[in-house]
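[1] Here is the input, now give the coordinates:
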Amino acid sequence: MDLSVVVVSYNTCRLLDDCLRSLYAAAPPPGGMEVIVVDNASADGSVAMVRERYPAVRLIADEVNRGYSAANNRGSAVATGDYLLFLNSDTVVGGDALARPVAHMRANPDIGALTVRLVYPNGERDPDNHRGFPTPWNAFCHFTLLSRLFPHSPRFNGYFRSYEDFSQVHPVPVIAGSYMLMPRALDRQLGGWDETYFFYGEDIDYCYRIQAAGRPIIYYPLVEVVHYKGASSGLRKESADIARPPKATRVKVAEESVRAMRVFYGKFYRDKYPRVVTAFVLAGIQARGWLRILKHRLSP
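    Okay, the predicted model is just below:
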């Protein structure tokens, strides 16, 4: 089998339905595909919907939400395809969004991971699917808005890298877990997703390890996938009108996003930079975290 699609679900029943419908309407790779849904203890009828409408789906219904990384690992553990596509439940794929990327991977076996052009429902490109690593300098330029002042400068816009040609296939340091295609053998080799992360940061971590293994990551904009961003977390304005998780969920996810930044920095960067830089970065993470958490604690 060519492809195993792993979709993690958490209280996104309507969007999950749209996602699965689009997957089965898309042209499959020549060797066929399987779809695996891992549900993280949804309470909105997602499990019943999948069982009723998509009997071909291999469904793993967890009774406890162990997080995004753990769910991806549960899905990949039962996958049989040569390639794994980790796909968010809040996406809708086009007709060629499976077969063409898989064909490109087969033609270029050195590739470690690949993503496509993710766009919001209004057609705007999702910038989080084309990034550099959050080094102290990249993060400083991003949060001080230097990157916006110099959007075409590799020196100042190393985070979103908006100076690159988004119409051409090219390597990129970081892609989002919203659409991440990779060889199943490489996933096994690297030990899968780091389950230290609950939600947020896990895709940056995985991209770092893929490239550390000497495998490039490719941005393949020749096909598009619609992304209703942040439906499970409730932290994004792009999906606020279709998914509004309870306040407790939004606060927990905000807290986890801050913890993820600390975990990533401690794992990969703490020993690379002087202590004063580390102290500055961790203070910035904490300050940004307080603001993000406070925003959701005060919201309705």
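
[2] And the helices in the protein, which stretches?
    Under the criterion DSSP state H, the chain contains helices at 13-25, 46-53, 68-77, 99-107, 136-143, 146-149, 184-190, 202-212, 247-268, 275-298.

[3] any idea which of those helices scores lowest on pLDDT?
    Ranked on mean pLDDT, the bottom entry among the helices of the chain is helix 275-298, at a mean of 74.

[4] Quickly note the distance from the residue nearest to Phe268 when sequence neighbours are not counted to Arg215.
    Sequence neighbours aside, Tyr208 is the residue nearest to Phe268 in space, at 5.9 Å (criterion: Cβ to Cβ, 6 or more residues apart in numbering). Bear in mind the C-beta positions are built from the backbone N, C-alpha and C, glycine included. As judged by Cβ to Cβ, to the nearest Å, Tyr208 and Arg215 stand 12 Å apart.

[5] ok, the residue nearest to Leu16 when sequence neighbours are not counted to Gly31 distance?
    Distances taken as Cβ to Cβ, 6+ apart place Ser89 nearest to Leu16, at 4.4 Å, with adjacent residues excluded. Ser89 sits 24 Å away from Gly31, taking Cβ to Cβ as the criterion.

[6] between these two, who's got more neighbours?
    More neighbours surround Ser89 than the other of Ser89 and Gly31, with 27 against 13 (other Cβ atoms under 10 Å).

[7] contacting residues for Ala71?
    Ala71 sits next to 8, 38, 40, 62 when contact means Cβ atoms under 8 Å, 6 or more residues apart in numbering.

[8] Excluding sequence neighbours, find me the nearest residue to the first one.
    Read that as Val8. Nearest-residue entry for Val8: Ala71, 4.3 Å, with adjacent residues in sequence omitted and distances by Cβ to Cβ, 6+ apart.

[9] The closest residue to Ser153 other than its chain neighbours - how many residues pack around it?
    Using Cβ to Cβ, 6+ apart and skipping residues adjacent in sequence, the residue nearest Ser153 is Tyr163, 6.6 Å away. Residues within reach of Tyr163, counting by other Cβ under 10 Å, total 14.

[10] Next: Lys272.
    Neighbours of Lys272 under the rule other Cβ under 10 Å: 11.

[11] on that earlier part again, can you give me the distance of the residue nearest to Ser153 to Ala254?
    Applying Cβ to Cβ, the value for Tyr163 to Ala254 is 31 Å.

[12] roughly how far is stretch 268-287 from the heart of the chain?
    Distance, stretch centre to chain centre, for stretch 268-287: 24 Å (Cα atoms, centre = their mean, to the nearest Å).

[13] So which bits of that stretch are buried?
    By neighbour count on 16 or more other Cβ atoms under 10 Å, the buried set for stretch 268-287 is 268-269, 273, 278, 281, 285.

[14] contact partners of it?
    With contact meaning Cβ under 8 Å, 6+ apart, stretch 268-287 is reached by 135-136, 139, 143, 205, 208, 258, 261-262, 265.

[15] what's the distance between the residue nearest to Ser153 and Val116?
    Note on Tyr163: its distance to Val116, by Cβ to Cβ, is 20 Å.

[16] Between the contacts of stretch 268-287, which sits nearest Val47?
    Checking the contacts of stretch 268-287 against Val47 with Cβ to Cβ, the nearest one is Asp205 at 28.5 Å.

[17] ok, that closest one - contacts?
    193-194, 197, 263-264, 267-268.

[18] are any of those buried, and which?
    Those of the contacts of Asp205 that meet the buried threshold are 193-194, 197, 263-264, 268, by 16+ other Cβ under 10 Å.

[19] Which members of those residues define the maximum pairwise distance?
    Across the buried ones among the contacts of Asp205, the longest distance by Cβ to Cβ is 15.3 Å; it joins Trp193 and Phe268.

[20] Now do the contacts for Gly32.
    Contact partners of Gly32, counting by Cβ under 8 Å, 6+ apart, are 1-3.

[21] Show me how to select, in PyMOL, the buried members of those.
    Buried residues among the contacts of Gly32 (16+ other Cβ under 10 Å), as a PyMOL selection:
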select buried, resi 2+3
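
[22] Give me the lowest-pLDDT entry from the contacts of Gly32.
    Checking pLDDT across the contacts of Gly32, the minimum falls on Met1 at 93.

[23] check contacts around that one.
    Residues near Met1 by Cβ under 8 Å, 6+ apart: 31-34, 80-82.

[24] Compute the number of surrounding residues for the nearest residue in space to Glu63 that is not next to it in sequence.
    With Cβ to Cβ, 6+ apart as the criterion, Glu63 has its nearest non-adjacent residue at 5.7 Å, and that residue is Ala41. When counting by other Cβ under 10 Å, one arrives at 16 neighbours for Ala41.
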